[in-house]
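J.: Below are the sequence and a predicted model; questions follow.
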Amino acid sequence: MIRVLLADDEELIRTALAALLDLEPDVEVVAQAPDGAAAVAAALAHRPDVAVVDLAMPRLDGFQVAAELARALPTCAVVILTGQGRPPHLARALTAGARGFLPKGAPGGALADVIRRVHAGGRYVDPALAADALTIPPCPLTARELETLRLAEDGSPVASIARRAHLSSGTVRNYLAIAVQKLGVDSRAEAVRVARENGWL
C-alpha cells in the first residue's frame, strides 16, 4: 500500500480527495492536515510515502512544506496540487523538492497515477504547465532587489523596509527604483504585481 498524507486548507476538497483515493486498491490515506505546519507535523508523525499538498495554505505554503519535507523526511515524495498553477510556480515547486505538480482541474484518476509514479521514484509535471514554463522570461532582478521588493509588498515605508533588511534608507530607495525601472513599470506597487504574477516573489 502507498501511504498518503493530504494537506489542503479547504476541508471539502481534502475530504473529497480522501474519498477518491480510498477507492484505489493500492493507496491508503493515513493522515490529513488543514495547513502547512500541520502537514509537516503529520508527515513526521505518520511517515507517509507521498504527501499531496495544496500550494496556497496558511502557516506554511506548499513550497515551504516541500522544502521542509525534503530536508526532514526525504523518503516522502511531495506532490503539489493547486488550483492556481502557473509556470513560475512549477520551477519553484521543483526547486523546493516537489516530485509532482498537478492542477486541481486534472482528470479524476490522474492524482492516483501521479502518486504511483512519484512513489516509484519518478516525477510528474502537468504537460501544459511544463510547455508554458519554457517560455517564461528569467527574472531580471538581483536577489537583493527581490528581497527589498518582497518587503515592500505590504506598502511598508522605506524606513521600515530598511530596518528589516538591515540596509540604509537610501539603499532601499535605490533597489526599489532599479526594480521599477527593470520591470518597466511606474511604481513599486506595479513592480510587486509584475514580480508576483511572474512567480519571482
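T.: Sure, I can see it. Numbering: from 1, shown residues only.
J.: where does this protein have its least confident helix or strand?
T.: The helix or strand of the chain with the poorest confidence is helix 127-133; it has a mean of 71 (mean pLDDT, DSSP states H and E).
J.: what comes up buried for the helix or strand following that one?
T.: Downstream of helix 127-133, the next assigned helix or strand under DSSP states H and E is helix 143-151. For helix 143-151, the neighbour count (16 or more other Cβ atoms under 10 Å) marks 144, 145, 146, 147, 148, 149, 150, 151 as buried. C-beta: built from backbone N, CA, C; applies to glycine.
J.: Skipping adjacent residues, who's closest to residue 137 in space?
T.: residue 198 (7.2 Å; Cβ to Cβ, 6 or more residues apart in numbering).
J.: Same question for residue 70.
T.: Nearest residue to residue 70, sequence neighbours excluded (Cβ to Cβ, 6+ apart): residue 97, at 3.0 Å.
J.: so what pLDDT did residue 84 get?
T.: Looking at residue 84, its pLDDT is 67.
J.: ugh, wrong one, residue 81
T.: Residue 81 carries a pLDDT score of 88 in this model.
J.: helix, strand or coil for it?
T.: Under DSSP: H, G, I helix; E, B strand; the rest coil, residue 81 falls in the strand class.
J.: residues near it, how many?
T.: 24 (other Cβ atoms under 10 Å).
J.: what's across from it in the sheet?
T.: With DSSP bridges as the criterion, residue 81 is bridged to residue 54, residue 102.
J.: And it, how far from residue 190?
T.: Separation of residue 81 from residue 190 (Cβ to Cβ, to the nearest Å) stands at 31 Å.
J.: quick one: what helix or strand has the residue nearest in space to the middle of the chain in it?
T.: Nearest residue to the geometric centre of the chain (Cα atoms, centre = their mean): residue 63, 3.3 Å. Per DSSP H and E, residue 63 falls inside helix 62-72.
J.: How about residue 42?
T.: Taking DSSP H and E as the criterion, residue 42 maps to helix 36-46.
J.: how close does the closest residue to residue 176 other than its chain neighbours sit to residue 168?
T.: Distances taken as Cβ to Cβ, 6+ apart place residue 188 nearest to residue 176, at 5.0 Å, with adjacent residues excluded. As defined by Cβ to Cβ, residue 188 lies at a distance of 17 Å from residue 168.
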